[in-house]
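**Q** mind folding the following:
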Amino acid sequence: MRELTHRPDVKMPSLLAGVRGPKEFLVFMLAGAAYAVELARIREIVSPPLLTDVPRAAREILGVCSVRGLLVTVIDLRRRLRLVAAEATRTSRILLTETQSGEAIGLFVDEVKYVIRLESSEIEVAQAVLGGDLSDHITGIGRAENQVIVILDLMSMTT
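**A** As a prediction, the model looks like this:
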C-alpha cells in the first residue's frame, strides 16, 4: 500500500471549500473499516425499523420504512460501495439524511462510532489517492491519531 502524502498541486474538494478551522464528521463502520460523512448532513440516527421491500428496486435499496410518519428509502452502503454483504446486527443503524430535492434517505451502516473534527490538512483529496469509479462516492481520506477514515460524499450516495 502506498503512503498517503499531501499534494499541494491538487485542490481540495468542495467538501472543504471556504471552510476555516475543523469540520465535524460522523464516523461509522462498514465491513470492518472506518467511514465518515459530514455531521451537518445527518438529521438523525435510528435503530433499523421493519423494512418493506420495493419490487424491482436497485440492488442497494433495502426497502422503505416509516420514521415518525416520514417515508424513508433505505440504502445499504455496503452494497453501494460493493463491499461484502452482511446481515443486520444489534449495532446496525440507519443514518437519516436528505437528497438535494428534499427526499428522506436512510443509509444503513454496521455501527456508528463517534464524531471527529478534522482540519483540511488532515484530509487527502480522493482523486489523489484513489482510482476507478468508486472515487465518485469518496471525497477524501482523513487521517487522525493513527487512524485512516474514508470520507464519503453524501450527495453521490443519495442519488
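
**Q** now the helices for the protein?
**A** All helices of the chain, identified by DSSP state H, fall at 77-80, 126-129, 154-157.

**Q** what's in contact with the first one?
**A** Helix 77-80 is touched from outside by 30-31, 35, 59-60, 83-86, 107-110, 137, 152, 157, with contacts defined as C-beta atoms under 8 Å, 6 or more residues apart in numbering. Where C-beta positions appear, they are placed from N, C-alpha and C, glycine not excepted.

**Q** let's see it at 10 Å
**A** Contacts to helix 77-80, defined as C-beta atoms under 10 Å, 6 or more residues apart in numbering, come from residues 28, 30-31, 35, 37, 58-62, 83-86, 95, 107-110, 134, 137, 152, 156-158.

**Q** could you do the last one as well?
**A** Contact with helix 154-157 is made by 14-15, 37-38, 40-42, 60, 75, 77, 80-81, 95, 97-100, 105, 107, 135-139, as judged by C-beta under 10 Å, 6+ apart.

**Q** least confident secondary structure element in the protein?
**A** The helix or strand of the chain with the poorest confidence is helix 126-129; it has a mean of 58 (mean pLDDT, DSSP states H and E).

**Q** on that earlier part again, restricted to buried residues, select the contacts of helix 77-80 in PyMOL.
**A** To isolate in PyMOL the members of these that are buried, counting by 16 or more other C-beta atoms under 10 Å, one can use:
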select buried, resi 28+30+35+37+60+61+62+83+95+107+108+109+110+137+152+157+158
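
**Q** now, the contacts of helix 77-80 that are in strands?
**A** 28, 30, 35, 37, 61-62, 95, 107-109, 152 (DSSP state E).

**Q** wait, which of those is closest to residue 22?
**A** Checking those against residue 22 by C-beta to C-beta gives residue 37 as the nearest, at 15.5 Å.

**Q** give me the pLDDT for that closest one.
**A** Residue 37 carries a pLDDT value of 95.

**Q** low-scoring pLDDT stretches of this structure, where are they?
**A** By pLDDT under 70, the weakly predicted segments of the chain are 1-20, 126-136, 157-159.

**Q** name all residues that make contact with residue 29.
**A** By C-beta under 10 Å, 6+ apart, the contact set of residue 29 is 35, 91-93, 109-113.
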